[in-house]
Every structure is written in C-alpha cells, then in structure tokens.
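K.L.:
Output the structure for:
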Amino acid sequence: MLVGADAPLTVLMYGRMREGASPVINAVSLFLMVASACLALLLMRAGDRKSSRASQ
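P.N.:
You can find the predicted model right below:
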C-alpha cells in the first residue's frame, strides 16, 4: 500500500511528537483536524437536506 521511500504524514507526525513537536507539525495537525471536522459537518448537513427533501 505504501509507495516510495518517505513515511506517510501520520507516521512522520507521530515520530516527531516523541522528539518534541515543532510549530509546523502543530499547525499541520490543527489544519487536518479542522478540515476533517468541517468536511464531516458539511456531509452531515448535505445528508439531512437530502432526507428532508425525500420525505416531502
């Protein structure tokens, strides 16, 4: 499943957390969490709209 010599971002972030996280890793982590939460909320709202339209 892995292609290339570089480790996946999540593995890299975990490894850097042991050494002490740099501000860049903290910023990337925050961005990924916010983006994931926004995407989840967007998809939940889109699903609610579809179900309310189907019941009308």
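
K.L.:
Surely Ile25 and Met17 touch.
P.N.:
Yes. If you go by C-beta atoms under 8 Å, Ile25 and Met17 touch, sitting 7.3 Å apart. To be clear about C-beta, it is placed using only N, CA and C from the backbone, and glycine gets the same treatment.

K.L.:
More neighbours: which of these two?
P.N.:
Taking other C-beta atoms under 10 Å, Ile25 and Met17 do not tie; Ile25 has more neighbours (18 against 12).

K.L.:
any idea how far Pro8 is from the spatially closest residue to the more buried one that is not a sequence neighbour?
P.N.:
Among residues not flanking Ile25 along the chain, Arg16 sits closest, at 5.1 Å (C-beta to C-beta, 6 or more residues apart in numbering). Here Arg16 is placed at a distance of 13 Å from Pro8 (C-beta to C-beta, to the nearest Å).

K.L.:
More neighbours: these two, which one.
P.N.:
Using other C-beta under 10 Å as the criterion, Arg16 and Pro8 rank with Arg16 on top: 14 against 11.

K.L.:
Surely that one is in contact with Pro23?
P.N.:
No. Contact criterion C-beta under 8 Å: Arg16 and Pro23 do not qualify, at 11.4 Å.

K.L.:
Now do the shared contacts for these two.
P.N.:
Jointly contacting Arg16 and Pro23 under the rule C-beta atoms under 8 Å, 6 or more residues apart in numbering is no residue at all.

K.L.:
Please compute how far the helix ranked longest in the chain lies from its chain's middle.
P.N.:
Under DSSP state H, the helix in the chain containing the largest number of residues is helix 23-54. Taking the mean of its C-alpha atoms, helix 23-54 sits 8 Å from the chain's own mean (C-alpha atoms, centre = their mean, to the nearest Å).

K.L.:
pLDDT (mean, whole number) over it?
P.N.:
Taken as a whole, helix 23-54 has a mean pLDDT of 85.
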